[in-house]
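> quick check, what structure comes out for this input:
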Amino acid sequence: MRKTALALSILFYTFIAFHVLADPLPTRKALLVGIGDYPKGSGWNKIASANDIKRLQGTLAPTFRTKCLVDKQATYAGITRALDNLCRDVRAGDTVLVHFSCHGQQMFTNKPDEPDRLDEALIPYDAFARKNDAYHGEKHLIDDELGEKMEAIRKRLGDYGLLIVSLDACHSGNSIKGGDNPPDSLCRGINDIFGVTYPSDVADSLECIRYARDTTELSGGTPTVYISACGSTEKNYEFRLDDGTRVGSLSLSLDEAFRETGLTDLTSLLDGIHAKMERYGHRQTPQFKSSFGYVTPKEQDTVPPDDEENEAEEDEGEETGISEKILILAATVVVLLLVLVAYGRRKKQ
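A predicted model of the protein is given here:
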């Protein structure tokens with residue numbers, strides 16, 4: 001009997017151990033993409049994206065399984081293949097960070113789901129800045145395609161995973177352009193809208209609506225946050241360190257905030273990124289879009305007076321409503337007591 005019980009116990013624990021090994025614990029995975037040394041003739045100026053990736057890789061390596069694509073590795077095919085491989089590799093409950101340091105650009109489109117007729121795109125190594133007879137934008141990584149791949153990853157992560165997407169790129173500035181640029185500055189992106197070859201009046205009308213951005217909210221499911229380096233009407237500048245090294249302002253902020261807080265508290269990490277962008281980002285405001293309603297400290301401090309008055313009126317109305325209900329209830333009880341007293345007196349008579 002004891003031998004049978006011992007054998008059953010061994011089988012049971014072997015079964016448990018097999019399933020634990022077959023279903024690995026959640027892990028942290030990062031895909032870091034940096035393109036700065038674009039080919040000559042592509043229309044893109046050189047930027048310091050490789051420095052961003054080097055810093056982030058060093059910070060994340062102890063706790064993340066990282067894959068990096070830099071310059072020639074980060075072609076359109078290389079990026080999309082890496083995203084597909086990442087999607088296949090993730091498991092429910094994993095934490096995933098996808099980071100881009102590169103140029104960005106808006107593109108003219110006729111798609112019905114874009115009322116402003118513009119797509120936003122990240123610029124892989126083999127994409128050109130302007131449309132020509134041989135290139136029609138097929139190597140631009142547009143927001144719709146990136147969004148589809150991120151949604152596929154979200155589905156794999158499940159409700160207990162985490163997805164962070166950071167984009168140290170923009171489409172609103174050119175290299176050392178404009179009177180308010182910081183000294184010796186570089187911007188990531190250009191003003192030209194890809195694919196616009198129309199008369200000036202049409203181009204001007206597009207310029208007026210070019211900053212109409214996607215305002216849809218992320219639905220539930222995997223906790224997810226998108227972080228962009230700047231607002232849609234702002235330029236994304238690089239930051240020069242004391243030793244002369246150039247880095248992306250968002251990449252630097254993400255790197256330092258993660259070193260300080262890690263992922264023990266996601267809100268603290270995002271607050272830290274926002275605070276550091278106020279130091280490193282020249283007149284630019286990072287954009288946060290989350291599935292869990294994250295609000296930046298600056299937004300929390302800005303409460304319109306009308307809203308405060310409305311809240312006070314609502315509270316006063318609620319208190320008045322409660323008082324009226326209590327009075328009605330008390331009056332009802334008094335009436336019932338009087339009826340019972342009157343009934344008792346009649347019965348005695």
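> now L31: which helix or strand?
For L31, the host element (DSSP states H and E) is strand 28-34.
> partner strands of that strand, with direction?
Applying DSSP bridges, strand 28-34 is found paired with strand 65-70 (parallel), strand 95-101 (parallel).
> show me where pLDDT drops low in the protein?
Across the chain, the ranges flagged by pLDDT under 70 are 1-24, 110-117, 171-191, 196-217, 233, 302-349.
> all helices of it, in order?
2-22, 49-60, 76-89, 143-157, 200-209, 249-261, 266-280, 297-301, 305-348 (DSSP state H).
> neighbours of the closest residue to P286 other than its chain neighbours, how many?
Spatial nearest neighbour of P286, chain neighbours left out: M277 (4.5 Å); criterion: CB to CB, 6 or more residues apart in numbering. To be clear about C-beta, it is placed using only N, CA and C from the backbone, and glycine gets the same treatment. Residues contacting M277 under the criterion other CB atoms under 10 Å number 23.
> cool, and L60?
So L60, with other CB under 10 Å, has 20 neighbours.
> contact partners for it?
By CB atoms under 8 Å, 6 or more residues apart in numbering, L60 lies in contact with R28, A30, L32, T66, L97, F258.
> so which of these wins on neighbours?
Taking other CB under 10 Å as the neighbour criterion, L32 ranks highest of those with 27 neighbours.
> single out the most deeply packed of the strands paired with strand 28-34.
strand 95-101 (a mean of 25; mean count of other CB atoms under 10 Å).
> the inter-axis angle of it versus helix 76-89?
Calculated by axes from the mean of the first three to the mean of the last three CA atoms, to 10 degrees, strand 95-101 forms an angle of 170 degrees with helix 76-89.
> alpha carbons only: can I get strand 95-101 in PDB?
The C-alpha trace of strand 95-101 is given here as PDB (Å, rounded to 0.1, in the frame of the first residue of the first chain):
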ATOM      1  CA  THR A  95       6.700  42.300 -20.800                       C
ATOM      2  CA  VAL A  96       7.600  43.700 -24.200                       C
ATOM      3  CA  LEU A  97       9.400  47.000 -25.100                       C
ATOM      4  CA  VAL A  98       9.600  48.100 -28.700                       C
ATOM      5  CA  HIS A  99      11.700  51.200 -29.300                       C
ATOM      6  CA  PHE A 100      12.400  53.200 -32.500                       C
ATOM      7  CA  SER A 101      15.100  55.900 -32.900                       C
END
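> pretty sure I35 sits against Q73.
No: assessed by CB atoms under 8 Å, I35 is found out of contact with Q73, at 9.1 Å.
> overlap of the contact sets of the two?
Here I35 and Q73 share the contacting residues Y125, scored by CB under 8 Å, 6+ apart.
> more neighbours: which of these two?
Set I35 next to Q73 and count neighbours by other CB under 10 Å: I35 wins out with 30 against 15.
> residues contacting the more buried one?
Listed by CB under 8 Å, 6+ apart, the contact partners of I35 are S49, V70, D71, A74, S101, C102, H103, I123, P124, Y125.
> now do the third one against I47, distance only.
Looking back up the chat, that one is D71. Distance from D71 to I47, counting by CB to CB, to the nearest Å: 11 Å.
> where do the contact lists of the two overlap?
Joint contacts of D71 and I47 (CB under 8 Å, 6+ apart) are G36.
> thinking again about what came up before, G137: which of the strands paired with strand 28-34 is closest?
In terms of CB to CB, the element of the strands paired with strand 28-34 nearest to G137 is strand 95-101, at 17.7 Å.
> one step back: now the residue nearest to P286: how far from G248?
Distance of M277 to G248, computed by CB to CB: 11 Å.
> shared neighbours, those two?
Both M277 and G248 are in contact with A229, where contact means CB under 8 Å, 6+ apart.
> picking up where we left off before, just put the strands paired with strand 28-34 in TSV and tack on distance to S290.
Output for the strands paired with strand 28-34, formatted as TSV (distance: least, CB to CB, whole Å):
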stretch	distance to S290
strand 65-70	23
strand 95-101	14
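> mind checking those strands for the one nearest to Q57?
Closest to Q57 of those is strand 65-70 (CB to CB; 5.5 Å).
> could you give the number of residues near T27?
T27 has 15 neighbouring residues, counting by other CB under 10 Å.
> my bad, P39
Other residues near P39 come to 12 when the count uses other CB under 10 Å.
> need the contact list for it.
The contact partners of P39, by CB under 8 Å, 6+ apart, come to Y125, D126.
> may I have the phi/psi pair for it?
phi -60, psi 150 (degrees, to the nearest 10).
> and it, how far from P297?
Per CB to CB, P39 is found 41 Å from P297.
> just A30 next, same as before
According to CB to CB, A30 stands 26 Å off from P297.
> next, count neighbours for G195.
G195: 20 neighbours (other CB under 10 Å).
> tell me the contacts of it?
Neighbouring residues of G195 by CB under 8 Å, 6+ apart: M107, F108, T109, K131, H136, G137.
> what's in contact with stretch 272-286?
By CB under 8 Å, 6+ apart, stretch 272-286 touches 180-182, 185, 227-231, 234-237, 239, 249-250, 252-254, 256-257, 260-261, 288, 296-298.
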